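Engineer: Provide a 3D model corresponding to the input given below.
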Amino acid sequence: MANRATLTVSLTPQLGDFVASRVSTGKYVSASEVIREGLRLLQERELYRDAEMERLRREIAIGLDQARAGELLDGEKVFDELEQQSSSD
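Structural biologist: This next block holds a predicted model:
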């Protein structure tokens, strides 16, 4: 069996009921399994969020480089074009 860290956690009554309801469905054998699954999902979400933030930082850096090079668009013109596109749809 893999090494495991043992933690004690306090849950709100609603979360406790939720964990118990997941176990009672038979999908999970124990409350620990439910909590581990929740933590795996949180970890996955955090990794996705971090990747998205990095992607946005790269996009912003590209935009800043373009702005510094004078490759800018007229904001009013862009919004006018978007408005025209949305009214023609």
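
Engineer: which parts of stretch 30-40 are buried?
Structural biologist: 34-35 (16 or more other Cβ atoms under 10 Å). All C-beta atoms are positioned from the backbone trio N, CA, C, and that covers glycine.

Engineer: show the average pLDDT along it.
Structural biologist: In this model, stretch 30-40 has a mean pLDDT of 97.

Engineer: what comes into contact with it?
Structural biologist: 9, 19-20, 22-23, 28 (Cβ atoms under 8 Å, 6 or more residues apart in numbering).

Engineer: could you redo the last one with a cut-off of 10 Å?
Structural biologist: The contact list for stretch 30-40 (Cβ atoms under 10 Å, 6 or more residues apart in numbering) reads 4, 6-7, 9, 11, 15-16, 18-23, 27-28.

Engineer: and what of stretch 73-89?
Structural biologist: Outside stretch 73-89, the residues that touch it by Cβ under 10 Å, 6+ apart are 66-67.

Engineer: so Arg49 is in which element?
Structural biologist: Per DSSP states H and E: Arg49 is located in helix 31-68.

Engineer: how far does whatever helix or strand comes next after that helix sit from the chain's center?
Structural biologist: Counting by DSSP H and E, the next helix or strand C-terminal to helix 31-68 is helix 75-88. Here the centre of helix 75-88 is set off from its chain's centre by 31 Å, with Cα atoms, centre = their mean, to the nearest Å.

Engineer: what mean pLDDT does helix 75-88 have?
Structural biologist: The model assigns helix 75-88 a mean pLDDT of 92.

Engineer: convert that helix to CSV, retaining C-alpha atoms only.
Structural biologist: The C-alpha coordinates for helix 75-88 follow below in CSV (Å, rounded to 0.1, in the frame of the first residue of the first chain):
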residue,chain,number,x,y,z
GLY,A,75,-10.1,51.4,-30.7
GLU,A,76,-13.1,53.3,-32.0
LYS,A,77,-12.8,51.7,-35.4
VAL,A,78,-12.6,48.2,-33.9
PHE,A,79,-15.7,48.8,-31.8
ASP,A,80,-17.6,50.2,-34.8
GLU,A,81,-16.7,47.1,-36.8
LEU,A,82,-17.8,44.8,-34.0
GLU,A,83,-21.0,46.7,-33.7
GLN,A,84,-21.7,46.4,-37.4
GLN,A,85,-20.9,42.7,-37.3
SER,A,86,-23.3,42.1,-34.4
SER,A,87,-26.1,44.0,-36.0
SER,A,88,-25.8,42.1,-39.3
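
Engineer: cool, thanks, signing off.
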